[in-house]
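Asker: When you get a sec, could you give me coordinates for this:
(chains A, B, C and D)
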Protein chains: 4
Amino acid sequence: MSVQEMLRTHPAGAPEEALAACVRECFDCAAVCTSCADACLGEESVQELVRCIRLDLDCADVCIATGRVLTRRTELEPQLARVLLEACAQACRLCAEECESHASHHDHCRVCAEACRRCEQACNELLSSIG
Amino acid sequence: MSVQEMLRTHPAGAPEEALAACVRECFDCAAVCTSCADACLGEESVQELVRCIRLDLDCADVCIATGRVLTRRTELEPQLARVLLEACAQACRLCAEECESHASHHDHCRVCAEACRRCEQACNELLSSIG
Amino acid sequence: MSVQEMLRTHPAGAPEEALAACVRECFDCAAVCTSCADACLGEESVQELVRCIRLDLDCADVCIATGRVLTRRTELEPQLARVLLEACAQACRLCAEECESHASHHDHCRVCAEACRRCEQACNELLSSIG
Amino acid sequence: MSVQEMLRTHPAGAPEEALAACVRECFDCAAVCTSCADACLGEESVQELVRCIRLDLDCADVCIATGRVLTRRTELEPQLARVLLEACAQACRLCAEECESHASHHDHCRVCAEACRRCEQACNELLSSIG
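Answerer: Numbering: from 1, shown residues only, chains lettered A, B, ... in the order given. Have a look, this model is predicted:
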């Protein structure tokens, strides 16, 4: 993703790696969750996937908001970043747990669970690094 | 806003008033903050409004995500709702404080500060009600 | 919605009524469609509502983008506004047609169809006014 | 981006390459434009970058909506896809032209212009392929 190259050209200078990784994973996870919700909708067993669709949609919304806020390095507010990272890690964890329970039947849930776990970890690592 | 009427037609039944109010204020605040960011961009003194624009954009993103997650009453996750409401109250508070400091010069900042305070309060009231 | 009051405080002055109405309907329709998608997910007959959920989600996304672009009156690009209004009117029309076909069974689809028709009309009126 | 892997796991089967490329470029361009708007806000010469910030924000919003709609392959509406792709190509072209005019002074505008041109091309190629 060229957002990585982008972040390095900011007037504030290159970001720490934990921030760059988190931005990348948030946007990737948002796209993947949007796709998983739709793939679930396309399954014959959609009735059994209602909770999965709902958590996919939530996770996509929270990841986009988090990715956008973290991308804005001018006047970044550590307090807001912190609570939003907690919300994002939570949304990713809930969605990953649900997708993992369908992963053996639906490949899209397996791929989605992996993206959610990577994003959850990136949020937690950035949380550690900003203290 | 017809979203109020909408929420009452959900198969889960009419929502508690604190939830309906919070959804309404989140979507309203998102629209207002988007508009305030642009109004600030249109001012000659844009250089002095950089922090205000940034917080407007953050607040709009967090309010949209929160409004959408709260609107989804099927399989609502109280844990996720709670941490997201905290993030949203925080984003609204930061944006309100900044806008209040420009309210005597810029009417858009006055209107935006009021919308942010209403949304902050609606988030806090919903937080109290979900315990 | 205080976005109406907001638009009047913009350094560009009060907007024409067609623009203000369109912004209001876009944000309202986005919220209503998000809610209808979730209400459909909560119905036992979710399998029959797959196309409705999909069009609700599309309509919500296009309405938010359109509402945000129109809200930005600084350096507004008429070309972009025009093609985006066409996309939004289209998304609203498709969603309204689908929701109308479920309106007698599901009250949320009735309310959603009405919001979509109002937004479609507001987009078409703004299109006429910007020529 | 794992959204590429994701699209292949959809119950509708692997997508044509033009669709997969367009989804990838839309999400990438949305992230890059969000970052460019903020980098412009962080420049001392922000007053001269007002039009650039505005077009960055528009392009980010239209790209996210387009990326999300295209990702939903269940019940995809070719009419809506077409007009939305036209809007997205337009938003990308306008943003690219503006960023190109600042590319020699601001590296973020150079990177952003490149992402916008790639996304514009991907939209146009998908438009050709869906006829």
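Asker: OK, contacts around residue A:21?
Answerer: Residue A:21 sits next to A:122, A:125-126 when contact means CB atoms under 8 Å, 6 or more residues apart in numbering or on different chains. For glycine as for every other residue, the C-beta is placed from the backbone atoms N, C-alpha and C.
Asker: Identify those among these that sit within helices.
Answerer: Counting by DSSP state H, the contacts of residue A:21 place A:122, A:125-126 in helices.
Asker: Adding distance to residue D:99, write the residues you listed out as a markdown table.
Answerer: Shown next, in a markdown table, are these (distance: CB to CB, whole Å):
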| residue | distance to residue D:99 |
| --- | --- |
| A:122 | 28 |
| A:125 | 32 |
| A:126 | 28 |
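Asker: could I get these as TSV with pLDDT?
Answerer: TSV is the format used below for these (pLDDT from 0 to 100):
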residue	pLDDT
A:122	98
A:125	97
A:126	97
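Asker: any idea which of the residues you listed is the one closest to residue C:4?
Answerer: Taking CB to CB as the measure, residue C:4 lies nearest residue A:126 of these, at 38.5 Å.
Asker: anything in the lowest-mean-pLDDT helix or strand in chain A near chain B?
Answerer: Least confident element among the helices and strands of chain A, by mean pLDDT, DSSP states H and E: helix A:3-8 (a mean of 88). No: using CB under 8 Å from any CB of the partner chain, helix A:3-8 never reaches chain B; the gap is at least 15.8 Å.
Asker: tell me which strands and helices that helix is in contact with?
Answerer: Helix A:3-8 is packed against helix A:17-41, helix D:17-41, helix D:107-130, with contacts defined by 3 or more CB pairs under 8 Å, 6 or more residues apart in numbering or on different chains; DSSP states H and E.
Asker: Adding neighbour count as columns, could you present the ones in helices among the contacts of residue A:21 in CSV?
Answerer: Listed next are those as CSV, based on neighbours: other CB atoms under 10 Å in any protein chain shown:
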residue, neighbour count
A:122, 25
A:125, 17
A:126, 26
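Asker: now the helices and strands packed on helix A:3-8 as CSV including distance to residue B:101?
Answerer: Listed next are the helices and strands packed on helix A:3-8 as CSV, based on distance: least, CB to CB, whole Å:
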stretch, distance to residue B:101
helix A:17-41, 28
helix D:17-41, 18
helix D:107-130, 28
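Asker: Minimum distance to residue A:72: which of these has it?
Answerer: Nearest of the helices and strands packed on helix A:3-8 to residue A:72, taken as CB to CB: helix D:17-41 at 4.2 Å.
Asker: Please work out the angle formed by the directions of that closest one and helix B:17-41.
Answerer: Computed by axes from the mean of the first three to the mean of the last three CA atoms, to 10 degrees, the angle separating helix D:17-41 from helix B:17-41 equals 70 degrees.
Asker: Next SSE downstream of helix D:17-41?
Answerer: helix D:50-71 (DSSP states H and E).
Asker: and that following helix, how far from the chain's centre?
Answerer: With CA atoms, centre = their mean, to the nearest Å as the basis, helix D:50-71 stands 6 Å off its chain's centre.
Asker: what helices or strands is it leaning on?
Answerer: So helix D:50-71, by 3+ CB pairs under 8 Å, 6+ apart, packs with helix A:17-41, helix A:50-71, helix B:17-41, helix C:50-71, helix C:78-100, helix D:17-41, helix D:78-100, helix D:107-130.
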